[in-house]
Each structure stands twice: as structure tokens, then as C-alpha cells.
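Engineer: Give me coordinates for this.
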Amino acid sequence: MSMTPCDKLVASFTLANLITIVSTVWNMMVQVLFVVLRLGMYPSETAIVNASHSCQGGTGDVAFPTAATRMALIPFAHYATPPGRALTVTGTLVVMRWRSGRRASAPCGWRR
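Structural biologist: Below you'll find the predicted structure:
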């Protein structure tokens with residue numbers, strides 16, 4: 001018996017989960033592309049910091065700049081990760097709602 005429950009990991013790769021993961025990362029890349037083009041930032045450094053958003057907490061903030069030998073980017077990755085994740089999730093939810101064609105329902109007790 002292995003220590004890692006691989007059967008649970010493999011079972012989590014459902015079509016819905018994979019679509020969610022791909023759409024979230026795609027949304028993140030599109031957002032950064034617009035920022036890079038608008039502000040004239042360096043694309044390679046911006047891509048490294050952006051890639052750190054899709055990892056496990058602060059692990060990606062250290063792993064991606066280290067792998068790219070850009071250790072000076074670690075503070076920027078730490079600073080950019082929380083708002084980047086919030087914007088990514090919000091943008092993905094907006095796109096998914098827009099693509100579904102349904103109107104958002106009002107919260108309980110609110111009138112339109």
C-alpha cells in the first residue's frame with residue numbers, strides 16, 4: 001500500500017474540473033497579455049510572475065523565479081499573487097456566467 005492515495009487524485013480529473021482549470025489559466029494569461037501590451041512591461045519577467053499564480057500558495061512564488069534563475073522577481077511574485085488570484089477567479093466566473101447565458105439571481109431578500 002502506498003502512502004499517496006493516487007486513486008483519489010486520478011478520480012479528481014473529471015471533465016468539469018479540467019475545463020475549470022484550463023479556463024482559469026487561459027483567463028489569467030489573457031489578462032496579463034493586455035496588461036503587458038498596455039504598460040510596456042517585459043513579457044518574459046511578467047510571464048514568470050504570472051505563472052506563479054497557478055501554483056500551491058507561496059510555493060510557486062519561489063519555484064518559478066528560481067527555475068528561471070530570476071531570483072530578483074520573488075518579491076514581485078509574492079506581492080502580485082493575492083490580487084492576481086482574486087482577479088483571475090472573478091474574471092473566470094464572469095466569463096462562465098456570460099457564456100452560460102443566464103442572468104445572475106439576486107441574493108436572498110434583495111429586490112431587483
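Engineer: What residues sit buried inside the helix or strand hosting Leu9?
Structural biologist: For Leu9, the enclosing helix or strand under DSSP states H and E is helix 6-11. For helix 6-11, burial by neighbour count (16 or more other C-beta atoms under 10 Å) applies to no residue. Backbone N, C-alpha and C define where each C-beta goes, glycine included.
Engineer: Can you name every helix or strand that the helix or strand following it contacts?
Structural biologist: Using DSSP H and E, the helix or strand that follows helix 6-11 towards the C-terminus is helix 15-39. In terms of contacts (3 or more C-beta pairs under 8 Å, 6 or more residues apart in numbering; DSSP states H and E), helix 15-39 is packed against helix 43-51, helix 74-100.
Engineer: Ok, which of those comes nearest Val30?
Structural biologist: Among the helices and strands packed on helix 15-39, helix 74-100 comes nearest to Val30, with 8.5 Å by C-beta to C-beta.
Engineer: circling back to that earlier point, may I see the helices and strands packed on helix 15-39 organised as CSV, with distance to Phe34, mean neighbour count and mean pLDDT added?
Structural biologist: Formatted as CSV, these follow (distance: least, C-beta to C-beta, whole Å; neighbours: other C-beta atoms under 10 Å; pLDDT from 0 to 100):
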stretch, distance to Phe34, mean neighbour count, mean pLDDT
helix 43-51, 11, 17, 75
helix 74-100, 11, 14, 78
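Engineer: closest to Pro5 out of the ones you listed?
Structural biologist: Set against Pro5 and scored by C-beta to C-beta, the helices and strands packed on helix 15-39 come closest in helix 74-100, at 26.5 Å.
Engineer: Now do Ser23 against Val89, distance only.
Structural biologist: From Ser23 over to Val89 the distance is 11 Å, taken as C-beta to C-beta, to the nearest Å.
Engineer: now Asp61
Structural biologist: Going from Asp61 to Val89 by C-beta to C-beta gives 17 Å.
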